[in-house]
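Colleague: this is a predicted model, with the sequence first.
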Amino acid sequence: MGQLVGVFFLIFFLELPDKTMIATIVMSSRARPAAVAIGASVGFIVQMGLAVLAGGLLTLIPSKIREIVVGALFLGGALYLFFVGEEEEEEEGQREGERERPQSFTREALTAAGVIFVGEFGDLTQIQAASFSARLSNPLGVFLACSSALVAVAFLGAYFGGALSRRIALSKIRFAGGLVFALLGLYTLARAIIQ
């Protein structure tokens, strides 16, 4: 249970400076925040389902190779957080969020779901959810922890995103997340070598 709480907080804090968070903020400035929050949540949940399935496939390979792959994914996530600039993330999130136009509640929610679903493909949180799923051998727990974290971010972004982005230095969140992923990657690779 403690591991899943850690997964929740790590995914939550990693998503805050992400392009899909920026897209959620932009969409909620152009559409109903409730529609954006619900739609974004649906997009995130579907993506976490796919991530956990991918993590399940990783469990089919021998444990030493799996540990090396998972360790490399963690280190890749760390490198991404250290070297992909915030400006790039913000610009991409802005472009994705600008697709939203005032419509019916259902259409706004569906647009938000589509934007987030497409934006999360191959995203850092999706890759890390697959890594956690393979590493912890608890697909349902990882799915619930990751999905809950991303739903919380969707609602936070839709209702309070503008104020939040002015108060918290997203670069510090990215750096801290990068450090955590680097440590997880090194630990996982060290375990694979020792086995």
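Modeller: Ah, there it is. What you are looking at is a predicted structure, and each value in this text was computed from that prediction instead of being measured. Numbers count the residues shown, from 1 in each chain.

Colleague: distance of the spatially most central residue of the chain from residue 11?
Modeller: Centroid check for the chain by CA atoms, centre = their mean gives residue 125 as the closest residue, at 2.9 Å. Using CB to CB, to the nearest Å, residue 125 is found at 5 Å from residue 11. Every C-beta, even on glycine, is put in place using the N, C-alpha and C of the backbone.

Colleague: quick one: residues contacting the residue nearest to the centre of the chain.
Modeller: Shown in contact with residue 125 (CB atoms under 8 Å, 6 or more residues apart in numbering): 11, 14, 15, 18, 146, 150.

Colleague: how does it look with 10 Å?
Modeller: 10-12, 14-15, 18, 20, 44, 47-48, 51, 77, 146, 149-150, 153, 177 (CB atoms under 10 Å, 6 or more residues apart in numbering).

Colleague: just the buried residues out of the residues you listed, in ChimeraX syntax.
Modeller: Those of the contacts of residue 125 that count as buried under 16 or more other CB atoms under 10 Å are selected in ChimeraX with:
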select :10,11,12,14,15,18,20,44,47,48,51,77,146,149,150,153,177
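
Colleague: number of nearby residues for residue 42?
Modeller: 19 (other CB atoms under 10 Å).
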